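> With the input below, show me the fold.
(4 chains)
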Protein chains: 2
Amino acid sequence: MPALSLDALELIQIVAREGSFTRAAARLGKAPSAVTYAVRKLEEDLDVLVFDRRGYRAQLTPAGRVLLDEGRLLLEDAARIEAVVRQAERGWEPTLRIALDATLPFDWLVEHLGAWDAAGCPTQLRIGSEALGGTWDALVDDRADLVIGAAGDPPSAHAISIQPLFEVEFVFAIAPHHPLAQAREPLSSAERLAHRAIAVADSSRRLPAQSSGLLLGQPTLVVPTMEAKLELQRRGLGVGYLPRWLAAPLIARGELIAREVDEAKPTAHLLVGWRSARRGGQPGRALAWWRERLRGARPPASLDSASPVVGSIKAARSRRSGHGASARRSGRPAR
Amino acid sequence: MPALSLDALELIQIVAREGSFTRAAARLGKAPSAVTYAVRKLEEDLDVLVFDRRGYRAQLTPAGRVLLDEGRLLLEDAARIEAVVRQAERGWEPTLRIALDATLPFDWLVEHLGAWDAAGCPTQLRIGSEALGGTWDALVDDRADLVIGAAGDPPSAHAISIQPLFEVEFVFAIAPHHPLAQAREPLSSAERLAHRAIAVADSSRRLPAQSSGLLLGQPTLVVPTMEAKLELQRRGLGVGYLPRWLAAPLIARGELIAREVDEAKPTAHLLVGWRSARRGGQPGRALAWWRERLRGARPPASLDSASPVVGSIKAARSRRSGHGASARRSGRPAR
DNA sequence: AGGCATATTCTAAATTATTGAACATCTTGC
DNA sequence: GCAAGATGTTCAATAATTTAGAATATGCCT
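Residues are numbered from 1 along each chain as shown, chains lettered A, B, ... in the order given. Take a look at the predicted model:
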């Protein structure tokens, strides 16, 4: 059993603030002797002298000052817990950890985050990024409560619920100066096998790692993010599939070219997933909000592939660079 | 006043662990009705249902689970505070923040850290690095409790105590291929003024920034650490004073040369400093330990300037690189 | 259904917190 | 130096709270 008590901690905050036992008692609407009694009890429980009473007025001892300072933080935490618990009773999770699949840029999420913000939900969001099997892995491993944009089947035997998000097409994209740009379409596996592939690293920690769109024995460069993959392929340092919406603007500008292949990577059906059957009844309201919100979600737009709207070149540029920066900001998942 | 109480928090930990009110009561050596009463009181205080009693055995509600999880952390904090306060009564500060002046490498401190470790003191150390006036600034600004290696006078009117550490000589060091290497000694201010100086940035945040060994109007490149300054001067990208012990090995190897100047930077008397007159009596024991320890401290040795001891070239190399790595590890001060 | 375990309710008892007055100590103003 | 005003303590009485124990109701298990 803790020797400390929050009430005692609060009391010495008030004593320290008021500067005397008597005034603290007045502030609390109690008799001075009650304060004496409470302080003495704290000191006995703790077996530590908190106030030095040799002088006229009680003075904090060094240990007392430590208790005061540390106690303040503890009281703040306690108050925070009270609030969080009250919200929990109304159905709001304390935090909701979202894992965003690498297929989707952070920017895509921003619009939804705006709506979330406007809704004024008390739940704290924590957004991470995962790739390939790592997205499901995050769910199974309890690093995330909601995954957005996972591809492929969820691991079975893990009580996971899903709903469809949308479909994403992939294109086999290479730099115009890449040797494969000269080959006749469709590109065969044998031709592709000879060139280095760029792959996004699977971020799984429990489930076995996967790869996607790679050929057995193909030299591969593994990068941590989709942005890195895009950049390397743009520079001709390797080849591979890219989401169409991501590659489209570069293809339009001629920085990348799409190539037909014999066995095209099939369209990915992205999913939203969460652990089903939360113990103790209904899922949280924050999770429910996001499920509902994502029911009508649309794929990322290819920002500058659309027919040019009115606006300066500078605006278009900033739109482009804005995308890159935000996507980078999404960063690696927290450990 | 907090509605929460640590005892109640502890109680629900035990109930959750034991799985029933009755067993929790047995574990606590109390009657079951006492547990019922305590839980009910917690729920009333908090105005939150913690257990669902509709079924046979009491089940945690979702809000109860949040309280359980968050409460566990709070209890751990409370226990930590108890320990820290008990140590505070024995004179140990909870933490001691040391600011090491950029003149001294982190490596120099390591030997003393070993002794500290061996002494088994319960105080937590936090080591940061500061430069020039920033060292005193850290003390005045309460970002550090003890500064090591500060040069110059401590700011007056700030109740700071000092003791001498040791003296450090400086040499005006340049790369052998630097234009100034051809000039006749002693180098005049006018000659030096024409060449870029490398300076370590003052890390002050409150006190006015200083510079040291610079000439008015001299082009200057400011770098964050002494290591960066050394490296730039070694490459001939600028000139300036370096601690003799730091420059000596490079001078011995011919990578730097020392040059006489007309107005040499005077030998620096490094100091150890701390805020005097801690409220409530004696200074902490951790601070006292360091003051005593540093009373007999010796300046950093120039690792490979000493006559070569028995040992392979490889060992000498690793000694060198070890130094660089450790110094870098000391990093920037925490915000 | 019967045995067992669980949680609650209720009252009396035990423990703990609070009061108010008397007292000692210290500061302050004169 | 001394009285007035604060401060903190002590102590016995009182109030509030927690606890125990028995009685009761309910659900699980076989």
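> For the closest residue to residue A:219 other than its chain neighbours, list the residues it contacts.
Spatial nearest neighbour of residue A:219, excluding adjacent residues (C-beta to C-beta, 6 or more residues apart in numbering or on different chains): residue A:196 at 4.6 Å. C-beta: built from backbone N, CA, C; applies to glycine. By C-beta atoms under 8 Å, 6 or more residues apart in numbering or on different chains, the contact set of residue A:196 is A:218-221, A:237-239.
> Report the buried members of these.
A:218, A:238-239 (16 or more other C-beta atoms under 10 Å in any protein chain shown).
> Going along the chain, name the helices of chain A.
A:6-18, A:21-28, A:32-46, A:62-89, A:106-119, A:133-140, A:189-193, A:226-234, A:244-253, A:285-295, A:313-330 (DSSP state H).
> Ok, which of those comes nearest residue B:165?
With C-beta to C-beta as the measure, helix A:62-89 is the member of the helices of chain A nearest residue B:165 (26.6 Å).
> follow-up on the earlier one: which one of the buried ones among the contacts of residue A:196 is nearest DNA strand C?
Within these, proximity to DNA strand C (C-beta to the nearest atom of the strand) peaks at residue A:218, which comes in at 60.0 Å.
> Could you pull up phi and psi at the closest one?
phi -70, psi 130 (degrees, to the nearest 10).
> Verify the contact between it and residue A:193 for me.
Yes. Residue A:218 lies in contact with residue A:193 (C-beta atoms under 8 Å); the separation is 5.2 Å.
> on that earlier part again, identify, out of the helices of chain A, the most deeply packed stretch.
Scoring these by mean neighbour count under mean count of other C-beta atoms under 10 Å in any protein chain shown gives helix A:133-140 as the most buried, with a mean of 27.
> Need the contact partners of that helix.
Defining contact as C-beta under 8 Å, 6+ apart, one finds that helix A:133-140 is touched by A:99, A:101, A:128, A:130, A:143-145, A:147, A:149-152, A:154-155, A:158, A:160, A:202-210, A:273-275, A:333.
> any idea how chain A splits into domains?
Chain A breaks down into these domains under automatic domain parsing: A:6-89, A:95-168+A:269-301, A:170-265.
> so residue A:250 sits right up against residue A:234, yeah?
Yes. At 6.1 Å, residue A:250 counts as touching residue A:234 under the criterion of C-beta under 8 Å.
> Could you name every residue contacting both of the two?
Common neighbours of residue A:250 and residue A:234 (criterion: C-beta under 8 Å, 6+ apart): residue A:256.
> okay, which residue is most central for chain A?
residue A:127 (1.3 Å; C-alpha atoms, centre = their mean).
> how far away is that residue from residue A:114?
Look at residue A:127 and residue A:114: by C-beta to C-beta, to the nearest Å, they are 14 Å apart.
> One more: residue A:293?
Using C-beta to C-beta, residue A:293 is found at 11 Å from residue A:114.
> lowest average confidence, helix or strand, in chain A?
helix A:313-330 (a mean of 40; mean pLDDT, DSSP states H and E).
> quick check, nearest of the buried ones among the contacts of residue A:196 to residue B:86?
Using C-beta to C-beta, residue A:238 comes nearest to residue B:86 of the buried ones among the contacts of residue A:196, at 60.2 Å.
> and that closest one, what does it touch?
The neighbourhood of residue A:238, defined by C-beta under 8 Å, 6+ apart, consists of A:195-198, A:221, A:232.
> which of the contacts of residue A:196 are close to DNA strand D?
Among these, no residue lies close to DNA strand D (C-beta under 7 Å from any atom of the strand).
> And those residues, which is closest to chain B?
residue A:221 (28.6 Å; C-beta to the nearest C-beta).
> was I right about the closest one contacting residue A:197?
Yes. Using C-beta under 8 Å, residue A:221 is in contact with residue A:197, at 7.2 Å.
> what ranges of the stretch 151-300 of chain A fall below the confidence cut-off?
Within the stretch 151-300 of chain A, the stretches with pLDDT under 70 are A:277-281.
> give me that answer again for 80
Low-confidence segments of the stretch 151-300 of chain A (pLDDT under 80): A:157, A:264, A:277-282.
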